[in-house]
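Asks: curious how this folds, go ahead:
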Amino acid sequence: MRVLLDACVLYPTLMRAILLGLAETGAYTPLWSPRILEEWRRAALRTHPDQAASLGAEIALTQATWPGAEILPPEGAEAELSLPDENDRHVLAAAIAGQADVIVTLNLRDFPGRALARYGLRAEHPDPFLLGLWREDPGPVEQALEAAMAPARAAIKPTPTDRALLKKSRLPRLAKAARG
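Replies: Sure thing, here's the model as predicted:
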């Protein structure tokens, strides 16, 4: 399955770590465009303006880890697309160019089913997306969760529960299922 990751799921950090950790298990193939990575960078710099260098390194490492993930939509592809928010047309253009099956995004309103169906796409919130993969095969999801959660647990004092961290990361259904 080919999955386009919108910028809003690449930042925040824990959600990105879980999604990319799961991709590392082979559960799906991640996709993004240079513009999506730039949106991730800008979003992160709004809350952490002092971390430009480390953020640049993190994005470069992500690109190096996933050299086939970056999609360049054809010039002018966006102009022919229609979405409620014109600023999201580049996401749809990248999904189409990358032959994605799913767009994982927090902004479902911006990607209505009718607009995506004509391209054989659907949009899915990361919580049901991850929960669905967990239900199919919990092992890889648990592996990705543990790898992502360990640094988060170590960085936050007092240490929150995994369930609390996942709920705060907008993954409440996954938290309930995977962490009881």
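
Asks: list the contacts of the longest helix along the chain.
Replies: If you go by DSSP state H, the chain has its longest helix at helix 138-155. The contact list for helix 138-155, computed with CB atoms under 8 Å, 6 or more residues apart in numbering, reads 13-14, 17-19, 21-22, 24-27, 130, 133-134, 159-160, 162, 165-166, 174, 178-179. The C-beta positions use only the backbone N, C-alpha and C, and glycine is treated the same way.

Asks: what is the mean pLDDT for stretch 110-121?
Replies: Stretch 110-121 shows an average pLDDT of 96 in the prediction.

Asks: could I get it in PDB with only the CA atoms?
Replies: Presented in PDB, the C-alpha positions along stretch 110-121 are these (Å, rounded to 0.1, in the frame of the first residue of the first chain):
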ATOM      1  CA  ASP A 110     -10.000  19.400   3.100                       C
ATOM      2  CA  PHE A 111     -10.000  16.000   1.300                       C
ATOM      3  CA  PRO A 112     -13.600  15.100   0.600                       C
ATOM      4  CA  GLY A 113     -14.300  11.500  -0.500                       C
ATOM      5  CA  ARG A 114     -16.000  12.500  -3.800                       C
ATOM      6  CA  ALA A 115     -13.000  14.600  -4.900                       C
ATOM      7  CA  LEU A 116     -10.600  11.800  -4.100                       C
ATOM      8  CA  ALA A 117     -12.600   8.900  -5.400                       C
ATOM      9  CA  ARG A 118     -12.200   9.900  -9.000                       C
ATOM     10  CA  TYR A 119      -8.500   9.300  -8.600                       C
ATOM     11  CA  GLY A 120      -8.900   6.000  -6.700                       C
ATOM     12  CA  LEU A 121      -7.800   7.700  -3.400                       C
END
